[in-house]
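In: Pasting the sequence and the predicted coordinates here, then a few questions.
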Amino acid sequence: MSERKYRVEKINYEVLTPFGPSVMTGTIPKNIYVQFKDMVEGIVKEKKESHAERLAGRIEEEWTIGEEYLWQTQVEEFLISVAQQYGEEVIERYYFNQFRLDSITDYHEESKKTSKVGCNIVGGWVNEMKSSEYNPIHYHPFCNVTSVFFFNNIDEEFIKEMIAPNNKVISGAPIENGTSGDGTLELIYKSMGYFEQGTLRIRPKEGMFLLFPSSLLHTVYPFISDKRRLSASFNFILQSNHGVVNFGER
Ligand SMILES: [Fe+2]
């Protein structure tokens, strides 16, 4: 059968994705990473205040990051700035969509009319996950943005033994890196819809960070390893005079 030839040469188009949560991902700058990891390791050593009662996970070692650890550190500045950036990106994306639909002429100008995004850190903790522990599906109440900072690669070196090693596919796709979904984080937005993803699976990398709405469900799958899976999380409240970035004022 001959290949079908379309007679239309060029169509100008753009695909907008205006609905659903925004996920920010990036890499912690090197100098911040060193200080951040020192702080996290220090907290794990001190083990002074168990956070386990307040969290959802089947994890024995969860520790609060008290304000005294963050106060006026570069890590605190870094956290505030990425969270503010998240809010500003969400507002800019809103205006970008309007601009593309010709509702406004300059989305940068419109974005600037929004006041600076205010940010408060309202909680933080360290997760030290060991072999066979897991974090069931949960969300974070009393805040609007949450975050995860990873201190390990979850790869074939980390995984000692794959769970169900004879199963060579996961969700219909071949297993990559020899780890299947073991030790990965999955964000759950909704069931699969037509032409859209309902969930997003993320394989932790050392120095990687994520920010996403705190209302978004998420889970960490169990793994078998001699090493611990180390991550830190912070909850934030972002406020602005724009409808898409606020907390409780709708
Ligand atoms: Fe969480």
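Out: It's in.

In: Find the residue at the geometric middle of the protein.
Out: L210 (3.0 Å; Cα atoms, centre = their mean).

In: From L187, how far out is that one?
Out: 8 Å (Cβ to Cβ, to the nearest Å). To be clear about C-beta, it is placed using only N, CA and C from the backbone, and glycine gets the same treatment.

In: now the residue nearest to the centre of the chain, what's its secondary structure?
Out: At L210 the chain is in strand, as set by DSSP: H, G, I helix; E, B strand; the rest coil.

In: so it bridges to which residues?
Out: T25, V148 (DSSP bridges).

In: got the contact list for it?
Out: Residues counted as contacts of L210 (Cβ atoms under 8 Å, 6 or more residues apart in numbering) are 23-25, 147-148, 185, 202.

In: Tell me which two in those are the farthest apart.
Out: Greatest spatial distance in those: M24 and L185, 14.2 Å, computed using Cβ to Cβ.

In: what about the two, which has more around it?
Out: L185 (21 against 17; other Cβ atoms under 10 Å).

In: Nearest spatial neighbour of that one, chain-adjacent residues omitted?
Out: I202 (4.7 Å; Cβ to Cβ, 6 or more residues apart in numbering).

In: that older thread, identify the contacts common to L210 and L187.
Out: Contacts common to L210 and L187, judged by Cβ under 8 Å, 6+ apart, are 23, 202.

In: export the contacts of L210 to TSV and tack on distance to E14 and pLDDT?
Out: Formatted as TSV, the contacts of L210 follow (distance: Cβ to Cβ, whole Å; pLDDT from 0 to 100):
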residue	distance to E14	pLDDT
V23	21	97
M24	22	97
T25	23	97
S147	30	98
V148	31	98
L185	31	97
I202	27	95
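
In: Considering those, which possesses the most neighbours?
Out: S147 (23 neighbours).

In: For it, which residues are in contact?
Out: S147 touches 79, 82-83, 209-212, 233-236, counting by Cβ under 8 Å, 6+ apart.

In: now do 6 Å
Out: Shown in contact with S147 (Cβ atoms under 6 Å, 6 or more residues apart in numbering): 211, 234.

In: next one: E206
Out: 152-153.

In: can I assume it sits in a strand?
Out: No: read with three-state DSSP, E206 is coil and lies in no strand.

In: separation between it and S231?
Out: Taken as Cβ to Cβ, the span from E206 to S231 is 10 Å.

In: Over to L187?
Out: In terms of Cβ to Cβ, L187 sits 14 Å off from S231.

In: Then Q239?
Out: From Q239 across to S231, the span is 26 Å (Cβ to Cβ).

In: between these two, who's got more neighbours?
Out: S231 (23 against 18).

In: Which strand or helix spans the more buried one?
Out: strand 229-239 (DSSP states H and E).

In: what do you get for E14?
Out: Judged by DSSP H and E, E14 forms part of no helix or strand.

In: Grab the nearest non-local neighbour of it.
Out: Counting by Cβ to Cβ, 6+ apart, the residue nearest E14 is R100, at 5.8 Å.

In: and the one you found, how many neighbours?
Out: R100: 13 neighbours (other Cβ under 10 Å).

In: ditto for F142
Out: F142 has 10 nearby residues by other Cβ under 10 Å.

In: That one belongs to a helix?
Out: No: assigned with three-state DSSP, F142 falls outside any helix and is coil.

In: pLDDT at it, what is it?
Out: Confidence at F142, expressed as pLDDT, is 93.

In: where do the helices sit along the protein?
Out: Applying DSSP state H to the chain gives helices spanning 30-46, 67-70, 74-100, 107-112.

In: rewinding a little: distance of the residue nearest to L185 relative to L16?
Out: Here the criterion is Cβ to Cβ. By it, I202 lies 24 Å from L16.

In: show me what contacts F150?
Out: 204, 208, 231.

In: how close does the closest residue to T105 other than its chain neighbours sit to I163?
Out: Once flanking residues are discounted, T105 sits nearest to F99: 7.3 Å by Cβ to Cβ, 6+ apart. Separation of F99 from I163 (Cβ to Cβ) stands at 47 Å.
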